[in-house]
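**Q** This is a predicted model, with the sequence first.
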Amino acid sequence: MTELTLGKALGAGLRRAMLDDEKVVLLGEDIGKLGGVFRITDGLLDEFGPRRVIDTPLAESGIVGTAVGLAFRGYRPVIEIQFDGFVYPAFDQIVSQVAKLHYRTQGRVKMPITIRIPWAGGIGAAEHHSESPEAYFVHTAGLRVIAVSNPEDAYRALRQAIACDDPVVFFEPKRLYHHKGEVDLDAPLADAPPMGLARVARSGTDVTLLTYGAMVGTALQAAEAAADEGISLEVIDLRSLSPVDYDSVAASVRKTGRVVVAHEASREAGVAAEVIASITERCFEYLESAPLRVTGHDIPYPPAKLEKYHLPDLDRILDAVDRVLDRPNSLTGADA
């Protein structure tokens, strides 16, 4: 095992994928000589050369379009979108072409494209640099959507995404790039858990807390705080947002009977809404209370000095836990 930051684990995953398959190529803005704005691809240009690590113009639609052409010719392109809010110029290519080519050719054309997106808030960035657009891609049939939360998952899941014949939108929580964890760099990919499998980050019995990305850490902090009051939270890291591992989710909900779903993205029509609807369809008779969402607010992402009020925090999650347990909460008052 090797201790790596999440950013270094991603770089190691890219390097290993490129060593394993010469058809893996990287494309993105400033990923070569600079090593990317977050230095995820640092050193790969020197090792693999400019034919496999390609600095592109500032044109996201063109980057994705080029990747489609490469995929047609048997390559496995890995795209870096420099920031989450920069993916929108490429939206038409991703939704209209990448997601549909395999389907409309009845499987004759594969699109093994991995679209890496530094994602979400918490770093005090400028406008268009802290967005959470995952629901757009979850809604799009034909795409796999992955969101990692720790270095080990980042290393393994990125290699799995690159090896997958489906297009994968791969969200990387940028505020965790410097967080460290143990990574098994030598573990065979064939022995790894499936890319779409959810992870029980903490076992519990009273409430199921579902989340993903950087919010997993916040959820675990909430579970620690709840334990001080005798409340046992089961924290589930979804990992895959499309498809969702509903077998693991349902197993937890049937045990606890209560559900809270948390994410940074806006509340309206977000991932939490879909997850809660699907849980209700599958587990209605097991629910002891209505599932609740803890999300970002339905506003454009705020200026950096206000983002702490926008991002779900420990207090908001614990308040939702109190509500599903019918304990005194922000709606009923402390004396209820």
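**A** That came through fine. As the structure is a prediction and not an experimental result, all values here were calculated from the model.
**Q** Who are the packing partners of whichever strand or helix holds residue 158?
**A** Following DSSP states H and E, one finds residue 158 within helix 151-163. Identification of packing neighbours for helix 151-163 by 3 or more Cβ pairs under 8 Å, 6 or more residues apart in numbering; DSSP states H and E yields strand 2-5, helix 6-20, strand 76-80, strand 114-119, strand 144-147, strand 168-173, strand 180-183. For every residue, glycine as well, the C-beta is placed using N, CA and C.
**Q** now the helices for the chain?
**A** Listed from the start of the chain, the chain has helices (DSSP state H) covering 6-20, 44-48, 60-72, 91-92, 101-104, 134-138, 151-163, 215-227, 246-256, 271-283, 307-310, 314-324.
**Q** And for residue 17, nearest residue in space, chain neighbours not counted?
**A** Of all residues not flanking residue 17 in the chain, residue 162 sits nearest, at 4.4 Å (Cβ to Cβ, 6 or more residues apart in numbering).
**Q** Low-confidence stretches in this structure?
**A** Within the chain, the segments meeting pLDDT under 70 span 334-336.
**Q** From residue 248, how far off is residue 323?
**A** Separation of residue 323 from residue 248 (Cβ to Cβ, to the nearest Å): 24 Å.
**Q** Please read the previous query as pertaining to residue 328.
**A** Counting by Cβ to Cβ, the gap from residue 328 to residue 248 is 31 Å.
**Q** what about these two, which has more around it?
**A** residue 248 (19 against 14; other Cβ atoms under 10 Å).
**Q** Quick check: the more buried one touching residue 197?
**A** Yes: assessed by Cβ atoms under 8 Å, residue 248 is found in contact with residue 197 at 6.9 Å.
**Q** hang on, the earlier thing: I'd like to know which of the helices and strands packed on helix 151-163 is closest to residue 101.
**A** Across the helices and strands packed on helix 151-163, the minimum distance to residue 101, taken as Cβ to Cβ, is reached by strand 76-80, at 13.3 Å.
**Q** ok, the closest one: who's next to it in the sheet?
**A** Using DSSP bridges, strand 76-80 pairs in its sheet with strand 24-28 (parallel), strand 114-119 (parallel).
**Q** Need the contact partners of that strand.
**A** By Cβ atoms under 8 Å, 6 or more residues apart in numbering, the residues outside strand 76-80 that reach it are 14, 17, 21, 23-29, 31, 36, 40-41, 63-64, 66-67, 70-71, 112-116, 162-163.
**Q** Go ahead and produce CSV holding the CA coordinates of it.
**A** Output of strand 76-80 as CSV, limited to C-alpha atoms (Å, rounded to 0.1, in the frame of the first residue of the first chain):
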residue,chain,number,x,y,z
ARG,A,76,-9.6,5.1,-25.7
PRO,A,77,-9.5,8.9,-25.2
VAL,A,78,-9.5,10.4,-21.8
ILE,A,79,-10.6,14.0,-21.7
GLU,A,80,-9.9,16.5,-19.0
